[in-house]
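Novice: Structure for the following, please:
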Amino acid sequence: QAVGHVDRTYQTNFELADLYEAWALRSFGKLCFTIVSRQVRLEVPTMQYIIDTVRNHISNVAAAESRDVGVLNDLVILSNPQKLLYEPLQRTSYIGIRVFVLTYAFKSVYLLSLGILSDPPFSIAMCGDHGVFPAFCSLTQYLDGAAFLAST
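Specialist: Numbering: from 1, shown residues only. The predicted structure is shown next:
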(Lines give C-alpha, C1' and ligand atoms only; values in the text may rest on other atoms or scores of the structure.)
Protein backbone atom coordinates (compact mmCIF):
# COMPACT_ATOMS: atom_id res chain seq x y z
CA GLN A 1 0.00 0.00 0.00
CA ALA A 2 2.88 2.38 0.78
CA VAL A 3 4.41 1.67 -2.63
CA GLY A 4 1.08 2.50 -4.29
CA HIS A 5 0.87 5.75 -2.35
CA VAL A 6 4.41 6.74 -3.34
CA ASP A 7 3.64 5.88 -6.96
CA ARG A 8 0.47 8.00 -6.91
CA THR A 9 2.39 10.87 -5.30
CA TYR A 10 5.02 10.63 -8.02
CA GLN A 11 2.34 10.66 -10.74
CA THR A 12 0.64 13.63 -9.09
CA ASN A 13 3.90 15.56 -9.02
CA PHE A 14 4.53 14.65 -12.64
CA GLU A 15 1.09 15.91 -13.70
CA LEU A 16 1.58 19.13 -11.75
CA ALA A 17 4.91 19.59 -13.54
CA ASP A 18 3.11 19.10 -16.88
CA LEU A 19 0.70 21.89 -15.93
CA TYR A 20 3.61 24.19 -15.13
CA GLU A 21 5.31 23.24 -18.40
CA ALA A 22 2.19 24.06 -20.39
CA TRP A 23 1.81 27.40 -18.62
CA ALA A 24 5.51 28.18 -19.16
CA LEU A 25 5.19 27.42 -22.87
CA ARG A 26 2.16 29.69 -23.14
CA SER A 27 3.99 32.49 -21.31
CA PHE A 28 7.11 32.04 -23.42
CA GLY A 29 5.02 32.13 -26.61
CA LYS A 30 3.31 35.36 -25.55
CA LEU A 31 6.69 36.88 -24.67
CA CYS A 32 8.15 35.92 -28.06
CA PHE A 33 5.10 37.31 -29.87
CA THR A 34 5.42 40.56 -27.94
CA ILE A 35 9.11 40.94 -28.79
CA VAL A 36 8.62 40.10 -32.47
CA SER A 37 5.61 42.42 -32.71
CA ARG A 38 7.61 45.29 -31.24
CA GLN A 39 10.48 44.63 -33.64
CA VAL A 40 8.13 44.50 -36.63
CA ARG A 41 6.60 47.84 -35.59
CA LEU A 42 10.08 49.34 -35.25
CA GLU A 43 11.27 48.10 -38.65
CA VAL A 44 8.17 48.90 -40.72
CA PRO A 45 9.01 52.61 -41.19
CA THR A 46 12.55 51.73 -42.28
CA MET A 47 11.31 49.15 -44.77
CA GLN A 48 8.71 51.58 -46.11
CA TYR A 49 11.40 54.26 -46.52
CA ILE A 50 13.70 51.84 -48.38
CA ILE A 51 10.91 50.63 -50.66
CA ASP A 52 9.72 54.19 -51.38
CA THR A 53 13.29 55.37 -52.07
CA VAL A 54 13.95 52.49 -54.47
CA ARG A 55 10.53 52.96 -56.08
CA ASN A 56 11.25 56.70 -56.65
CA HIS A 57 14.68 55.94 -58.06
CA ILE A 58 13.37 53.20 -60.38
CA SER A 59 10.53 55.41 -61.60
CA ASN A 60 13.10 58.05 -62.61
CA VAL A 61 15.46 55.70 -64.44
CA ALA A 62 13.32 52.80 -65.69
CA ALA A 63 10.38 52.53 -68.05
CA ALA A 64 6.90 51.99 -66.56
CA GLU A 65 6.71 48.44 -67.93
CA SER A 66 10.21 47.55 -66.71
CA ARG A 67 10.82 44.30 -64.85
CA ASP A 68 12.19 46.27 -61.88
CA VAL A 69 8.97 48.24 -61.53
CA GLY A 70 7.01 44.98 -61.62
CA VAL A 71 9.19 43.49 -58.89
CA LEU A 72 8.63 46.52 -56.68
CA ASN A 73 4.90 46.40 -57.27
CA ASP A 74 4.91 42.72 -56.25
CA LEU A 75 6.20 43.54 -52.75
CA VAL A 76 2.77 43.15 -51.22
CA ILE A 77 3.74 41.56 -47.90
CA LEU A 78 6.37 44.18 -47.16
CA SER A 79 3.86 46.97 -47.69
CA ASN A 80 2.03 45.90 -44.51
CA PRO A 81 4.07 43.22 -42.68
CA GLN A 82 2.16 43.59 -39.43
CA LYS A 83 -1.11 42.54 -41.03
CA LEU A 84 0.08 40.31 -43.86
CA LEU A 85 3.03 38.54 -42.23
CA TYR A 86 3.11 38.80 -38.45
CA GLU A 87 -0.59 38.40 -37.57
CA PRO A 88 -1.10 35.18 -39.61
CA LEU A 89 2.13 33.78 -38.17
CA GLN A 90 0.99 34.65 -34.66
CA ARG A 91 -2.46 33.12 -35.12
CA THR A 92 -1.03 29.91 -36.59
CA SER A 93 1.60 29.54 -33.87
CA TYR A 94 -0.88 30.31 -31.13
CA ILE A 95 -3.17 27.51 -32.34
CA GLY A 96 -0.40 25.01 -31.63
CA ILE A 97 0.33 26.53 -28.24
CA ARG A 98 -3.36 26.51 -27.30
CA VAL A 99 -3.76 22.88 -28.34
CA PHE A 100 -0.72 21.92 -26.26
CA VAL A 101 -1.87 23.86 -23.19
CA LEU A 102 -5.47 22.66 -23.32
CA THR A 103 -4.47 19.03 -23.92
CA TYR A 104 -2.01 18.99 -21.05
CA ALA A 105 -4.37 20.89 -18.78
CA PHE A 106 -7.19 18.42 -19.41
CA LYS A 107 -4.87 15.44 -19.00
CA SER A 108 -3.37 16.80 -15.78
CA VAL A 109 -6.70 17.76 -14.21
CA TYR A 110 -8.14 14.37 -15.13
CA LEU A 111 -5.21 12.41 -13.67
CA LEU A 112 -4.96 14.67 -10.62
CA SER A 113 -8.67 14.09 -9.97
CA LEU A 114 -8.12 10.33 -10.11
CA GLY A 115 -5.22 10.70 -7.68
CA ILE A 116 -7.17 12.91 -5.27
CA LEU A 117 -10.13 10.53 -5.26
CA SER A 118 -7.92 7.50 -4.56
CA ASP A 119 -6.18 9.02 -1.52
CA PRO A 120 -7.64 9.89 1.91
CA PRO A 121 -10.03 11.41 2.86
CA PHE A 122 -11.94 10.07 -0.16
CA SER A 123 -10.15 6.72 -0.67
CA ILE A 124 -12.36 5.87 -3.65
CA ALA A 125 -10.68 3.37 -5.94
CA MET A 126 -11.90 4.40 -9.38
CA CYS A 127 -9.55 2.21 -11.41
CA GLY A 128 -8.47 -1.40 -11.38
CA ASP A 129 -10.31 -4.69 -10.99
CA HIS A 130 -12.11 -3.58 -7.83
CA GLY A 131 -12.63 0.00 -8.94
CA VAL A 132 -15.94 1.81 -8.63
CA PHE A 133 -15.93 3.07 -12.21
CA PRO A 134 -13.15 1.42 -14.28
CA ALA A 135 -14.47 2.84 -17.55
CA PHE A 136 -13.61 6.31 -16.26
CA CYS A 137 -9.96 5.25 -16.14
CA SER A 138 -9.89 4.03 -19.73
CA LEU A 139 -9.24 7.58 -20.92
CA THR A 140 -5.73 7.55 -19.47
CA GLN A 141 -4.04 5.88 -22.44
CA TYR A 142 -5.88 8.12 -24.91
CA LEU A 143 -4.90 11.24 -23.01
CA ASP A 144 -1.27 10.09 -22.99
CA GLY A 145 -1.47 9.69 -26.76
CA ALA A 146 -3.13 13.08 -27.20
CA ALA A 147 -0.48 14.70 -25.01
CA PHE A 148 2.28 13.05 -27.03
CA LEU A 149 0.67 14.24 -30.26
CA ALA A 150 0.23 17.77 -28.93
CA SER A 151 3.86 17.96 -27.86
CA THR A 152 5.24 17.14 -31.33
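Novice: Please name the residues that touch the residue positioned nearest the centre of the chain.
Specialist: With distances taken as Cα atoms, centre = their mean, Ile97 lies nearest the centre of the chain, 1.1 Å away. By Cβ atoms under 8 Å, 6 or more residues apart in numbering, the contact set of Ile97 is 25-26, 29. No exception for glycine: its C-beta is placed from N, CA and C like everyone else's.
Novice: Tell me which helix or strand it sits in.
Specialist: Ile97 is part of helix 87-118 when elements are defined by DSSP states H and E.
Novice: Show me where the chain has its helices.
Specialist: 2-61, 67-73, 81, 87-118, 139-151 (DSSP state H).
Novice: May I see those arranged in JSON lines, with mean pLDDT as well?
Specialist: Putting the helices of the chain into JSON lines (pLDDT from 0 to 100) gives the following:
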{"stretch": "helix 2-61", "mean pLDDT": "89"}
{"stretch": "helix 67-73", "mean pLDDT": "83"}
{"stretch": "helix 81", "mean pLDDT": "85"}
{"stretch": "helix 87-118", "mean pLDDT": "91"}
{"stretch": "helix 139-151", "mean pLDDT": "92"}
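Novice: any idea how far the residue nearest to the centre of the chain lies from Lys30?
Specialist: 9 Å (Cβ to Cβ, to the nearest Å).
Novice: coming back round to it: if you compare the directions of the helix holding Ile97 and helix 139-151, what angle comes out?
Specialist: 160 degrees (axes from the mean of the first three to the mean of the last three Cα atoms, to 10 degrees).
Novice: Of all the residues in helix 87-118, which ones are buried?
Specialist: Within helix 87-118, the residues that count as buried by 16 or more other Cβ atoms under 10 Å are 90, 97, 100-101, 103-104, 107-108, 110-112, 114-115, 117-118.
Novice: one step back: so which of the helices of the chain gets nearest His130?
Specialist: helix 87-118 (11.9 Å; Cβ to Cβ).
Novice: Tell me the gap between the closest one and the middle of its chain.
Specialist: Helix 87-118 has its C-alpha centroid displaced from the chain centroid by 9 Å (Cα atoms, centre = their mean, to the nearest Å).
Novice: now do stretch 65-85
Specialist: That offset, for stretch 65-85, works out to 30 Å (Cα atoms, centre = their mean).
Novice: got a list of contacts for it?
Specialist: 37, 40-41, 43-44, 47-48, 51, 54-55, 58-59, 62-63.
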